[in-house]
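Enquirer: Here's a sequence, model it:
(one chain, ligands or ions: 1)
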Amino acid sequence: MKMKALIVYGTRYGATAGTSEEIAKVLRDEGFDVNVVNAKKEKVNAISEYELIIVGSGMKIGKWTKEPENFLKQFKHELVKKNVAIFISSAIRAIFEYEGNTEEMEEMWKKYLVEKAEKYSLNPIDMAIFGGVFPYDDMGWMTKKTVGQLWRKFEEAGFEKKNGTYDTRDWTAIRTWTKKLAKKTRT
Ligand SMILES: Cc1cc2nc3c(=O)[nH]c(=O)nc-3n(C[C@H](O)[C@H](O)[C@H](O)COP(=O)(O)O)c2cc1C
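Expert: Numbering: from 1, shown residues only. Model (predicted):
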């Protein structure tokens with residue numbers, strides 16, 4: 001019998017969707033049966049059949065998308081008995097990494113992951129901060145004037161704008177993390 005995995009995600013700009021699909025692909029290669037749910041479009045009714053549950057969200061102004069968080073809230077009591085992993089997508093982390101700003105990186109880890117796990121009494125088998133997208137060309141003028149100014153930093157850090165966006169995702173890191181989860185779930 002194949003082990004079953006569920007990936008529940010929320011996204012605003014698409015990065016977490018792509019990351020979730022890649023995680024699903026790796027898990028399928030590892031022999032799992034995988035169900036990927038975009039929490040904004042679909043509701044999960046039960047989780048009893050899954051051995052591994054991964055919950056992911058994109059970040060905006062320090063906030064998760066609300067749907068994956070609602071999922072954590074709804075299944076909080078069942079999730080404590082499962083192999084759970086959580087991740088977030090953040091384009092901005094790449095800038096902190098480039099600048100060697102470990103203080104901000106630690107703060108992100110704490111605020112975006114540790115505190116979220118604590119809020120729902122979760123004991124995740126792993127957590128991760130993956131890269132994200134910075135959709136500069138699609139931003140309205142107000143956003144361009146404020147957070148949009150970070151485009152210079154992305155350039156400085158060596159990212160190129162492609163199709164109007166900066167994409168900081170590290171696919172190798174995503175795949176390596178997923179393989180680790182598969183191993184932890186099997187043992
Ligand atoms: C208006 C705006 C605000 C953002 N705020 C944050 C933030 O507070 N923290 C962060 O780490 N990333 C922030 N980002 C970058 C996002 O993490 C990045 O766009 C990521 O891809 C979001 O995930 P998603 O594409 O799945 O929605 C912001 C991006 C935009 C455009």
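Enquirer: now the spatially most central residue of the chain, which residues is it bridged with?
Expert: Compute the mean C-alpha point of the chain, and by CA atoms, centre = their mean the closest residue is residue 88, 3.0 Å away. Beta bridges link residue 88 to residue 57, residue 129, judged by DSSP bridges.
Enquirer: From residue 43, how far out is it?
Expert: With the distance defined as CB to CB, to the nearest Å, residue 88 ends up 21 Å from residue 43. C-beta: built from backbone N, CA, C; applies to glycine.
Enquirer: what sits against the residue nearest to the centre of the chain?
Expert: Residues near residue 88 by CB atoms under 8 Å, 6 or more residues apart in numbering: 16, 56-59, 64, 112-113, 128-130.
Enquirer: tell me which of those is nearest to residue 28?
Expert: Using CB to CB, residue 56 comes nearest to residue 28 of those, at 16.9 Å.
Enquirer: quick one: the closest one and residue 21 touch, right?
Expert: No - using CB atoms under 8 Å, residue 56 makes no contact with residue 21, being 11.0 Å away.
Enquirer: Determine which member of the two has the greater number of neighbouring residues.
Expert: Just comparing residue 56 and residue 21: by other CB atoms under 10 Å the higher neighbour count belongs to residue 56, 26 against 13.
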